[in-house]
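Q: Build me a structure from this.
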Amino acid sequence: MAGRRTSGVLAMLAEAQRQQHRREEAQRRADAAAQRQYERARRDAERAAAQGQREALRAYRQSREADAARRTAELEARVEELRGTLATGLRGRGFRLADLTAPTAPFDPGQLGVPVPMPDQSWYLIPPLTGPQAFNPAARREWDEQAAQARARFEQDWYAAQDAEQQRLRQLAEYRAEFDAWLASRQQLATQAARLADGLRSGSGGAVAEYFETALGWRGDWPEGFPHAAEAVWDAGARQLVVEWPLPDFSVVPAVARHRYVKTDDRDAEVARPVGERRALYREVLAQCALRVLAEAFRADAEGLLASAVVHGVVEAVDPATGREESRCLVSVAAERADFLALDLERVSAVDCLVEALHGRLSARPDKPEAVRPQPVSAPAAPVPSVAADGEGPDLFAMDPIAFEELIAELFRRRGLRTRTTARSGDEGVDVLAEDPDPITGGQIVIQAKRYRHTVPPAAVRDLDATMARCGANRGILVTTSGFGPGSRRWAEGRPLTLVDGPMLVALLREHGLPGRLGTDGTRPAAGRGGRRQAAATPEPAVLPEPTVLGPGQNAVLPESALGALTVRFSSAGGDADLTLLLLTAEGLVRGDEDFVFYHQRGAAAGAVLLGEKAVADGRRSESAVLRLADLPADVHRVAVSVNMDADSPLTCAHLADAELLLHTGDGTGWSFRPPSDPAVSAMLVAEVYRYRAARGPAVWKVRAVGQGWADGLAGLARAHGVDVG
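A: Next comes the predicted model:
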């Protein structure tokens, strides 16, 4: 009995152990399955991550390749734009004055002209309570809450509408200001068009040149980075237009041919454009620029003024020898009207057309840049301003070149300089070398003498600037029998350069007792066929009219002959006085110390005001100056003509016995004024030459006699007009 019980207990224990073992085995299998599932999920995640990284890397590389392709396309588009410079210019019609006077539309503000509607408070009213509800406290509280919310909405909407209205008014004011500025610009263009039309009808050389400068600079479809502001000179005798056109430099041709993305080291690589290809493309661009300027000039010539045109394409470059910036001519071409219009410019090769068909000159290495010799212009040119001849002395136009240089050297010798002419060869652009012996302000001066019949081109002035630097001179002087354009005078402005044109030259020669005249009748000689001068009868010596006498405060209108050269001479039989001139703005102040012309600074405004030397004759001391009113900057409104006694002497203006100020033009028209002998002043504003415009009238120059002064002499005169005398 006991044995059976024992075997039963053992069986139960064994079964329990087997069940425990099965449970543990099942748990191990479950854990193994979970581990396998985890490993499988981890591997799937890693594969997915790797796939995502590959996709991201592929997308990244594709974006980099697309960016390189885009930039390459931009380079190709730029090259195509450069190659289409001429084709772009041939599209459309030529310039007309009507382009400056396009009709203007009236001001239309559109929706900005409609005020923002303001909210009406009646829209926000809550209906009042009626009947029993009016006495129900709960209904009253609810009505009060609704009324308060309605008032809040009204106030919010009202302030929002006010803000919107203020913003509308600001935008309307800005739009109106923009419209008014645009309208003013259109009106200025219309005024310019009317002025140019009048000038073209009158045959004014300046108006013709300005018309073509406007026509050539009008279009704005030149490639980016290309300047397009011409300087033109019109030769009426030869019916020839000479254009100096600024060119873009070598950098406009892209140095990179294409961009590519390098996958191996994740970088952008630039493939350089071969230098030979860049140079060839640059030469093609320069040729296209010259041809386009010629095409636009002839197309703008609706009146048939042009018989021929000359284009000098110049670029600004640094001279490696001097380190100074200078202008170099890279392309030059001259074309007769009929020959040029016979070309089919849409089908030509620009370089071949310019060099072979038109026999132009194009730099072989413009990238350096190596300059070419400019094409010669026709001998007949625009007449110089009229200067009456007195029948004495040689015709400066017909003088031997060496004799002309000797005459210029003698002129400056009489002005107190030590001068000598250079040899005919190896002069490096210097005709006369001069030295100012003054130990403080003196130094070497280079003088170029150009016996021209046509307007001196700006390149000659820039060449003088470079020659002056190369020779180490303090100042350069360019003397010509013709005239200078605005481009030349802008270049000389602020530089130690003095420009002396034909009328001023004749005035200086007469002042110093030297012979010389411009032509047989005060202008250049008449030109016949082939440019030969035709014979003309020698005029009888002219009898100059008596000057108009002015009293203190009186004024007179100056004629057009005064714009070319107005000579101002002050003389007296008493004490020694210095002539002083100040260039003044509309406020009566100098723009800077360079506008103060006196014995230590004898010129201003690039030679528009030039002070002469003192002279003594017949017991009278005199000093003169020459004013070129037409060449004064636009912001100079007055030229104050003053005299002052020596600051170290006790003399006053009372010692100026029999003093007289005489102003006269080249044709002999003159005005005189005898200033008062005032013992209380030692510097006196004797007269002023000033711009004047009457209501609805043209601007003119006038002269006014003054005769008022300062007790503290030159310092007071200078200080009163804004000169720093510290």
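Q: drop to CA atoms for contacts and neighbour counts, all remaining ones
A: Fine.
Q: who touches Gly113 in this structure?
A: By Cα atoms under 8 Å, 6 or more residues apart in numbering, the contact set of Gly113 is Leu172.
Q: Check the gap between it and Ala364 for me.
A: 62 Å (Cα to Cα, to the nearest Å).
Q: now the helices for this protein?
A: Taking DSSP state H as the criterion, the chain contains helices spanning 2-83, 85-90, 137-202, 205-218, 275-300, 337-341, 350-352, 401-414, 458-471, 486-492, 502-511, 561-564, 713-720.
Q: Show me what the longest one packs onto, helices and strands only.
A: Right, the one you point to is helix 2-83. Other elements packing on helix 2-83 under the criterion 3 or more Cα pairs under 8 Å, 6 or more residues apart in numbering; DSSP states H and E are strand 256-262, helix 275-300.
Q: Quick check: mean pLDDT of stretch 615-625?
A: pLDDT averaged over stretch 615-625 equals 80, rounded to a whole number.
Q: Kindly format the C-alpha coordinates of that stretch as CSV.
A: As requested, the backbone C-alpha atoms of stretch 615-625 are provided in CSV (Å, rounded to 0.1, in the frame of the first residue of the first chain):
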residue,chain,number,x,y,z
ALA,A,615,51.7,144.6,-69.0
VAL,A,616,52.8,148.3,-68.8
ALA,A,617,52.3,150.6,-71.8
ASP,A,618,52.0,154.4,-72.1
GLY,A,619,52.2,154.8,-68.3
ARG,A,620,49.2,152.5,-67.7
ARG,A,621,49.3,149.1,-66.0
SER,A,622,46.9,146.5,-67.3
GLU,A,623,46.0,142.8,-66.8
SER,A,624,43.5,140.8,-68.8
ALA,A,625,41.7,137.5,-68.8
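Q: And the worst-scoring helix or strand of the chain on mean pLDDT, what does it pack against?
A: Every helix and strand of the chain was ranked by mean pLDDT, DSSP states H and E. The lowest is helix 486-492, at a mean of 76. When contacts are defined as 3+ Cα pairs under 8 Å, 6+ apart, helix 486-492 packs onto helix 458-471, strand 497-500.
Q: Any chance of a markdown table for the ones you listed, columns mean pLDDT, mean neighbour count and distance to Pro369?
A: Supplementary listing: these in a markdown table, determined by pLDDT from 0 to 100; neighbours: other Cα atoms under 10 Å; distance: least, Cα to Cα, whole Å:
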| stretch | mean pLDDT | mean neighbour count | distance to Pro369 |
| --- | --- | --- | --- |
| helix 458-471 | 82 | 19 | 16 |
| strand 497-500 | 88 | 26 | 26 |
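Q: His655: which of those is closest?
A: Counting by Cα to Cα, His655 lies closest to strand 497-500 out of these; the figure is 34.1 Å.
Q: strand partners of the closest one, parallel vs antiparallel please.
A: According to DSSP bridges, strand 497-500 forms sheet pairs with strand 475-480 (parallel).
Q: for the record, mean pLDDT for the partner strand?
A: Taken as a whole, strand 475-480 has an average pLDDT of 90.
Q: Quick check: buried residues in it?
A: Neighbour counts using 16 or more other Cα atoms under 10 Å place Arg475, Gly476, Ile477, Leu478, Val479, Thr480 of strand 475-480 among the buried residues.
Q: Adding distance to Gln156, write these out as JSON lines.
A: JSON lines is the format used below for the buried residues of strand 475-480 (distance: Cα to Cα, whole Å):
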{"residue": "Arg475", "distance to Gln156": "75"}
{"residue": "Gly476", "distance to Gln156": "75"}
{"residue": "Ile477", "distance to Gln156": "76"}
{"residue": "Leu478", "distance to Gln156": "76"}
{"residue": "Val479", "distance to Gln156": "78"}
{"residue": "Thr480", "distance to Gln156": "78"}
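Q: Alpha carbons only: can I get the least confident helix or strand of the chain in CSV?
A: Taking Å, rounded to 0.1, in the frame of the first residue of the first chain, the C-alpha atoms of helix 486-492 are listed here in CSV:
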residue,chain,number,x,y,z
PRO,A,486,32.5,118.7,-74.3
GLY,A,487,34.3,115.3,-73.9
SER,A,488,37.7,117.0,-74.1
ARG,A,489,36.7,119.6,-71.5
ARG,A,490,35.3,117.0,-69.2
TRP,A,491,38.5,115.1,-69.3
ALA,A,492,40.6,118.2,-68.5
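Q: low-scoring stretches of the stretch 201-350 of the chain, by residue?
A: Counting by pLDDT under 70, the stretch 201-350 of the chain contains low-confidence ranges at 201-205, 321-322.
Q: wait, what's in contact with the spatially closest residue to Ala161 that is not a sequence neighbour?
A: Nearest residue to Ala161, sequence neighbours excluded (Cα to Cα, 6 or more residues apart in numbering): Met118, at 6.0 Å. Contacts for Met118 were tallied using Cα under 8 Å, 6+ apart; they are Trp158, Ala161, Gln162.
Q: Leu169 and Trp710, how far apart?
A: Distance, Leu169 to Trp710, using Cα to Cα: 54 Å.
Q: same deal with Arg70?
A: For Arg70, the distance to Trp710 - Cα to Cα - is 73 Å.
Q: The two: who's more crowded?
A: Applying other Cα atoms under 10 Å to Arg70 and Trp710 shows that Trp710 carries more neighbours, namely 18 against 14.
Q: List the beta-bridge partners for Leu582.
A: Phe596, Ala640.
Q: mind listing what it touches?
A: Under the criterion of Cα under 8 Å, 6+ apart, the contact list for Leu582 reads Val590, Asp595, Phe596, Val597, Val639, Ala640, Val641, His721.
Q: rerun at 7 Å
A: Residues counted as contacts of Leu582 (Cα atoms under 7 Å, 6 or more residues apart in numbering) are Val590, Asp595, Phe596, Val597, Val639, Ala640, Val641.
Q: right, and the helices and strands packed on helix 486-492 - which one's nearest Met399?
A: Ranking these by proximity to Met399 (Cα to Cα) places strand 497-500 first, at 17.9 Å.
Q: Give me the contact list for the closest one.
A: When contacts are defined by Cα under 7 Å, 6+ apart, strand 497-500 is touched by residues Arg475, Gly476, Ile477, Leu478, Val479, Thr480, Ala606, Gly607.
Q: if I look at the nearest residue to Ala309 once chain neighbours are set aside, how far off is Arg328?
A: Leaving aside its chain neighbours, Ala309 sits nearest to Leu241 (4.7 Å; criterion: Cα to Cα, 6+ apart). When distances are taken as Cα to Cα, Leu241 and Arg328 turn out to be 20 Å apart.
Q: Quick one: neighbours of Ala181, just the number.
A: Around Ala181 sit 12 other residues, with neighbours defined as other Cα under 10 Å.
Q: distance of it from Gln171?
A: Counting by Cα to Cα, the gap between Ala181 and Gln171 amounts to 15 Å.
Q: got the contact list for stretch 639-658?
A: With contact meaning Cα under 7 Å, 6+ apart, stretch 639-658 is reached by 572-584, 677-690, 713-714.
Q: Give me the buried subset of the residues you listed.
A: Listed as buried from these are 572-584, 677-678, 681-690, 713-714; burial here means 16+ other Cα under 10 Å.
Q: residues contacting Glu325?
A: If you count contacts by Cα under 7 Å, 6+ apart, Glu325 has them with Glu316, Ala317, Val318, Asp319.
Q: out of the helices and strands packed on helix 2-83, which comes closest to Arg418?
A: Proximity of the helices and strands packed on helix 2-83 to Arg418 was assessed by Cα to Cα; the nearest stretch is helix 275-300, lying at 44.6 Å.
Q: Which strands and helices lie in contact with the closest one?
A: Contact partners of helix 275-300 among helices and strands, from 3 or more Cα pairs under 7 Å, 6 or more residues apart in numbering; DSSP states H and E: helix 85-90, helix 205-218, strand 308-318, helix 350-352.
Q: could you redo the last one with a cut-off of 6 Å?
A: Of the remaining helices and strands, those touching helix 275-300 by 3 or more Cα pairs under 6 Å, 6 or more residues apart in numbering; DSSP states H and E are helix 350-352.
Q: Just the buried positions in the helix it packs on, please.
A: Counting neighbours by 16+ other Cα under 10 Å, one finds that the buried residues in helix 350-352 are Ala350, Val351.
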